[in-house]
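Enquirer: how does the following fold in three dimensions:
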Amino acid sequence: MLVVQEFTAPTIDVAAILPIVLTLGAAVVAVLVDAFAPAGRRMIINATISVVALAVSLGWAIVRIGGEPVVTFNGAVAVDGPGLFAQAAIALFALLSVLLYTERRLDPSGDAFTPAGSVMPGSETERVLTMQRVQQTEVYALTLFASGGMMTFVVSNDLLTMFVALEVLSLPLYLLSSLARRRRLLSQEAGMKYFLLGAFASAFFLYGAALVYGATGSLNLAEIDAGISGRVGVDAMLLVGMGMLAVGLLFKISAVPFQFWTPDVYQGAPTAVTGFMAAATKAAAVVALMRVFYVGLGGLVEDWTLLLWVIAALTMLLGSVLALTATDFKRMLAYSSIAHAGFL
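Expert: Alright, predicted model coming up:
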């Protein structure tokens, strides 16, 4: 006899996740604008869409800070004070980056982004497109997708949602960091290095989530904490999973020993993208790290406290020392962000 199971639709509080909906919705609209709008109007339309969506998201997040926490999507998303504060910060940093993109594009001295990321650096095609002032308007959609992924990342209440958000925020950044108009080879190297190392870090996070699921029977952070609290003794699988989750999150923070990509990527990426990554990505990763370790792995606090203290101390020390040796401003900014990651 065939047994038909009823599907229960998840409860969705749209007001609680409005910044995510607005940002990702604006990103989709920006993609359609790039596909169908006249080439000469794409930049202004996408810049307007981005500014409005991010400004409304910023205002909405600020208004809701201090309200009651909301758990929605059947427990997959938890919108609380730290998450709203991080969403407001991400929206602000993204808004400033979009304004900087637009200001540079209106500057007669030239755009900060290459006219075509797919052509060979220094080729005749690139030279002609640059003279014609062809603009890469996809950067607005990419920035919105990255921002939406970060906003989801900081309020994710289970490891699977957090992994999906991690990929949504990471993939656009890989592209954005490789689209600088000047020093094209360096920019392409930065994008490729960021992509390869980021893929490894995501794989660590995903495998760590699988191990934690095997040890506790759940991906939900609250249920993971309950499963840990009910245990007697230490589970090796759980500890290995915790360590692999830490690798994936510490990579995004640029903490030692996962900081090697940061100076090269910051130096090769367009300046506005460097600022966006240095501020927004750090904020998102720090809040996600706190959520995983304090909410999901709070029962193992004695096992991870010393580890994080050591990593923080090494990160502050190495970042500060290497900043003294930097001869490029953006590399110095990278080392400074590494040191500040330790303080966070």
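Enquirer: contact partners for the residue found closest to Ala215 once you drop the neighbours it is linked to in the chain?
Expert: In space, not counting the residues next to it along the chain, Ala215 is nearest to Leu238; the distance is 3.9 Å by CB to CB, 6 or more residues apart in numbering. (Each C-beta comes from the backbone N, C-alpha and C, glycine too.) Under the criterion of CB atoms under 8 Å, 6 or more residues apart in numbering, the contact list for Leu238 reads Leu211, Val212, Ala215, Thr216, Ile228, Leu300.
Enquirer: and whichever helix or strand the third one is part of, what does it pack against?
Expert: With elements taken from DSSP states H and E, the one containing Ala215 is helix 184-216. Here helix 184-216 touches helix 159-176, helix 221-229, helix 236-253, helix 261-268, going by 3 or more CB pairs under 8 Å, 6 or more residues apart in numbering; DSSP states H and E.
Enquirer: deepest in the core, which of those helices is it.
Expert: With neighbours defined by mean count of other CB atoms under 10 Å, none of the helices and strands packed on helix 184-216 is more surrounded on average than helix 261-268, at a mean of 24.
Enquirer: and the gap between the residue nearest to Ala215 and Phe251?
Expert: Distance of Leu238 to Phe251, computed by CB to CB, to the nearest Å: 21 Å.
Enquirer: next one: Ala246, what pLDDT does it get?
Expert: Ala246 is assigned 89 on the pLDDT scale.
Enquirer: can you give me every residue that contacts it?
Expert: If you count contacts by CB under 8 Å, 6+ apart, Ala246 has them with Gly208, Leu289, Phe293, Trp304, Leu307.
Enquirer: closest one to Leu99 out of those, please.
Expert: Taking CB to CB as the measure, Leu99 lies nearest Leu289 of those, at 28.9 Å.
Enquirer: excluding covalently adjacent residues, which one is nearest to that closest one?
Expert: With CB to CB, 6+ apart as the criterion, Leu289 has its nearest non-adjacent residue at 4.5 Å, and that residue is Leu249.
Enquirer: can you put the helices and strands packed on helix 184-216 in a markdown table and add distance to Asp34?
Expert: Converted to a markdown table, those look like this (distance: least, CB to CB, whole Å):
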| stretch | distance to Asp34 |
| --- | --- |
| helix 159-176 | 13 |
| helix 221-229 | 37 |
| helix 236-253 | 27 |
| helix 261-268 | 24 |
